[in-house]
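Trainee: this one's sequence-less:
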């Protein structure tokens, strides 16, 4: 059974943890929670080597941990996370400015979150202060799998990825 | 474990008194278990509410644990009779020193001890029907049909009156008991149309008829059915709705077609905790009135309201009723919640914004006050209980996962709130912002598979950008369309 790297598309062995071509991490950074998007256990994903079949519809919410806001991102799609500041030509889809983003070192275009029916992926867009998932630093411009309840750190701003049911 | 405040304690969760016997506790638990079963409770995450009940039962059914729990409870706390109150917070605590925080609270109120064999409380209802020229034809035919069906469902001890209005209001059926079905139906069948729509006229006469039999052991309710826009009498109508609310008369509405002013009507009915329904085709009228009959007659408690004062560091930003009828609520005190149904719950989502900049420890009070309600089947219907919503202020190392029920509710509400915000943008003159928001809404709708609604929203976005207004029909389709999405099942 082979899988394709979500970043460069090159075929990989099912047990590979990193892509041999571009180095993208192929599994969730830390399997802290057994449910991934769609309610299929992460370990099942590793066992079968394919992405889980969607079970019902799910949607992602960003939970700003210190201040408690829940920002729903409805449905699949790509979301650029960052902050809006004056004179900026490309605007992020999710503006973290109201949550002290500037003070926390969030870049204007900080990271990209991609949601498909069955999985969530995160890519740091070369931000000044970096992105961490469960305290593990992401290599910029590489795509990582994101799981339910993972804590993402944009600069110094902690945000939790939470999957809700449609 | 922090469930030791007014209305947020183990006794309130089970709806029992502090002096309840072990038998009463078992009984209350069995009742709650039955009621919170996902099949019985349509609200997503009844399971999580059930866990709260379970937690309460585990403590109260154990003599030693109960004794310990009791000693941690302030002495003057008691639960309101016959109502289970469960409170779900999005966070266990408030972060010290942090401005701009938010907490979501789900309040769930449910009747206890109702086994379905008891008789419902009698109704005192007035149907206030629009008979303006625009109602002529199928609209009027359908309204008459719906009213006749309504009459058939009445019990002999119910009281009905029927008022029609155009430029003037006319009393078609003076308040009388629901016994003589055929006589009532024949009177309703004679309706004629003429003139314009003046809602105030109809409301005044309708309220007068209800007042003739105003008793607190009745469910007092006025149903407005209209297809037109009222001009110039909005503010006295709102004032009248406030008076009605104070008297314990609830208002609800059914709007037909595209002309009626849904913003005004929503505002009007929200004053007394009622809600509006939208019939885009006249064939839907009888179904909607039938639904309204069910919600009016299946009431355990009426006129449920929170007289509250927000804490010094808290503001109530948003309140939305998720069950039994969907609708945004006025956030000022008193917060008028509506009625507690017999079988399901009255469920309200509250959003508070908080400022803990100056706070280091202790409790942050979100709101405190009195829950007031009327249970018509009781000898003394009016009842009240003190309540307080609060959270401790402390830092936590591990992030807490907010309740799944709340996450789901907030997610589902987000589309409805986007159209609300777009409307606010238009009112504030920010057309570019409104159009942008509508396009975002369309994207979200598309990705949730709502193609035709997404199409409507996209067209609306163009209209707003060009003409600066939201079309009559599209506005209603978007509002009631996104509202209906909230109810879509979780499977």
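Mentor: Cool, got the structure. This is a predicted model, so every value here is computed, not measured. Numbers count the residues shown, from 1 in each chain, chains lettered A, B, ... in the order given.
Trainee: Which single residue of chain B ends up nearest chain A?
Mentor: Nearest residue of chain B to chain A, counting by Cβ to the nearest Cβ: residue B:447, 2.9 Å away. For every residue, glycine as well, the C-beta is placed using N, CA and C.
Trainee: Kindly state the pLDDT recorded for residue 148?
Mentor: Went with chain A since none was named. Listed pLDDT for residue A:148 reads 89.
Trainee: was after chain B, sorry
Mentor: The score at residue B:148 is 95. That number is its pLDDT.
Trainee: ok so it is a helix residue?
Mentor: Yes - the assignment for residue B:148 is a helix, going by DSSP: H, G, I helix; E, B strand; the rest coil.
Trainee: Next, give phi and psi for the closest residue to it other than its chain neighbours.
Mentor: Nearest in space to residue B:148, with sequence neighbours left out and distances taken as Cβ to Cβ, 6 or more residues apart in numbering or on different chains, is residue B:185 at 4.9 Å. Torsion angles at residue B:185 (phi, psi; degrees, to the nearest 10) stand at phi -70, psi -40.
Trainee: Spit out the contact partners of residue B:185.
Mentor: Counting by Cβ atoms under 8 Å, 6 or more residues apart in numbering or on different chains, residue B:185 touches B:148, B:151-152.
Trainee: where along chain A do the helices fall?
Mentor: Under the criterion DSSP state H, chain A contains helices at A:42-48.
Trainee: Return the helix or strand in it with minimum mean pLDDT.
Mentor: Within chain A, confidence by mean pLDDT, DSSP states H and E is lowest for helix A:42-48 among all helices and strands, at a mean of 33.
Trainee: One more: chain B?
Mentor: Per mean pLDDT, DSSP H and E, strand B:4-5 ranks last in chain B, at a mean of 80.
Trainee: What helices and strands are in contact with it?
Mentor: Strand B:4-5 is packed against strand B:382-392, with contacts defined by 3 or more Cβ pairs under 8 Å, 6 or more residues apart in numbering or on different chains; DSSP states H and E.
Trainee: Flag every buried residue along the following helix or strand past the strand it packs on.
Mentor: Next helix or strand after strand B:382-392 toward the C-terminus (DSSP states H and E): helix B:404-427. Neighbour-count burial for helix B:404-427 flags B:404-420, B:422-423, B:425-426 (criterion: 16 or more other Cβ atoms under 10 Å in any protein chain shown).
Trainee: near chain A, from the residues you listed?
Mentor: B:404, B:406-408, B:410-411, B:414-415 (Cβ under 8 Å from any Cβ of the partner chain).
Trainee: right, and out of the contacts of residue B:185, which lies closest to residue B:240?
Mentor: Nearest to residue B:240 among the contacts of residue B:185, counting by Cβ to Cβ, is residue B:151 at 25.4 Å.
Trainee: surely the residue of chain B closest to chain A meets residue A:79?
Mentor: No - if you go by Cβ atoms under 8 Å, residue B:447 and residue A:79 don't touch, sitting 11.2 Å apart.
Trainee: Grab the most central residue of chain B for me.
Mentor: The geometric centre of chain B, computed from its C-alpha atoms, lies nearest to residue B:321 (Cα atoms, centre = their mean), at 4.3 Å.
Trainee: now the angle between helix B:404-427 and the lengthiest strand in chain A, please.
Mentor: Criterion DSSP state E: the longest strand present in chain A is strand A:157-165. Counting by axes from the mean of the first three to the mean of the last three Cα atoms, to 10 degrees, strand A:157-165 lies at 100 degrees to helix B:404-427.
Trainee: before we move on, back to that, quick one: contacts of the least confident helix or strand of chain B?
Mentor: For strand B:4-5, contacts defined as Cβ under 8 Å, 6+ apart pick out B:69, B:72-74, B:77, B:388-390.
Trainee: List only buried entries from the residues you listed.
Mentor: By neighbour count, with 16+ other Cβ under 10 Å, the contacts of strand B:4-5 hold B:69, B:73, B:77, B:388-390 as buried.
Trainee: May I see those organised as a markdown table, with distance to residue B:470 and pLDDT added?
Mentor: A markdown table is the format used below for those (distance: Cβ to Cβ, whole Å; pLDDT from 0 to 100):
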| residue | distance to residue B:470 | pLDDT |
| --- | --- | --- |
| B:69 | 53 | 92 |
| B:73 | 51 | 87 |
| B:77 | 48 | 77 |
| B:388 | 40 | 92 |
| B:389 | 35 | 94 |
| B:390 | 40 | 93 |
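Trainee: so which of those comes closest to residue B:33?
Mentor: residue B:69 (20.2 Å).
Trainee: Just the element for that closest one, please.
Mentor: Assignment of secondary structure by DSSP H and E places residue B:69 within helix B:63-71.
Trainee: Packing partners of the following helix or strand past that helix?
Mentor: Going down the chain from helix B:63-71, the next helix or strand is strand B:83-89, by DSSP H and E. Contact analysis of strand B:83-89 by 3+ Cβ pairs under 8 Å, 6+ apart lists helix B:10-14, helix B:22-35, helix B:46-60, strand B:101-111, strand B:382-392 as its packing neighbours.
Trainee: Compute the inter-axis angle for strand B:83-89 and helix B:46-60.
Mentor: On the basis of the same axes, to 10 degrees, strand B:83-89 is oriented at 110 degrees to helix B:46-60.
Trainee: could you check the angle helix B:22-35 makes with strand B:83-89?
Mentor: Interaxial angle of strand B:83-89 relative to helix B:22-35 (the same axes, to 10 degrees): 60 degrees.
Trainee: partners of strand B:83-89 in the sheet?
Mentor: strand B:101-111 (antiparallel) (DSSP bridges).
Trainee: I'd like the mean pLDDT over the strand it pairs with, please.
Mentor: Mean per-residue pLDDT for strand B:101-111: 92.
Trainee: okay, now residue B:382: neighbour count?
Mentor: Residue B:382 has 12 neighbouring residues, counting by other Cβ atoms under 10 Å in any protein chain shown.
Trainee: Who are the contact partners of it?
Mentor: By Cβ under 8 Å, 6+ apart, the residues touching residue B:382 are B:216, B:372-374.
Trainee: now do residue B:330
Mentor: So residue B:330 contacts B:270-271, B:319, B:336 (Cβ under 8 Å, 6+ apart).
Trainee: mind running it again at 7 Å?
Mentor: Neighbouring residues of residue B:330 by Cβ atoms under 7 Å, 6 or more residues apart in numbering or on different chains: B:270-271, B:336.
Trainee: sec struct for it, please.
Mentor: Per three-state DSSP, the local secondary structure of residue B:330 is coil.
Trainee: So for it, what pLDDT did the model give?
Mentor: At residue B:330, the model reports a pLDDT of 90.
Trainee: any idea how far the strand or helix carrying the residue nearest to the centre of chain B is from the chain center?
Mentor: Assigned by DSSP H and E, residue B:321 falls within strand B:314-323. Here strand B:314-323 is found 11 Å from its chain centre; the criterion is Cα atoms, centre = their mean, to the nearest Å.
Trainee: before we move on, what about stretch B:329-341?
Mentor: Taking mean C-alpha positions (Cα atoms, centre = their mean), stretch B:329-341 and its chain are 7 Å apart.
Trainee: and if you look at stretch B:224-243?
Mentor: Relative to its parent chain, stretch B:224-243 has a centroid offset of 20 Å by Cα atoms, centre = their mean.
Trainee: Distance across it, terminal residue to terminal residue?
Mentor: Distance across stretch B:224-243, first residue to last, is 16 Å (Cα to Cα, to the nearest Å).
Trainee: So for that stretch, mean pLDDT?
Mentor: 93.
Trainee: coming back round to it: quick one, which of the contacts of residue B:330 are buried?
Mentor: Among the contacts of residue B:330, those scoring as buried are B:270-271, B:336 (criterion: 16+ other Cβ under 10 Å).
Trainee: Strands - which of those residues land there?
Mentor: Counting by DSSP E, these place residue B:336 in strands.
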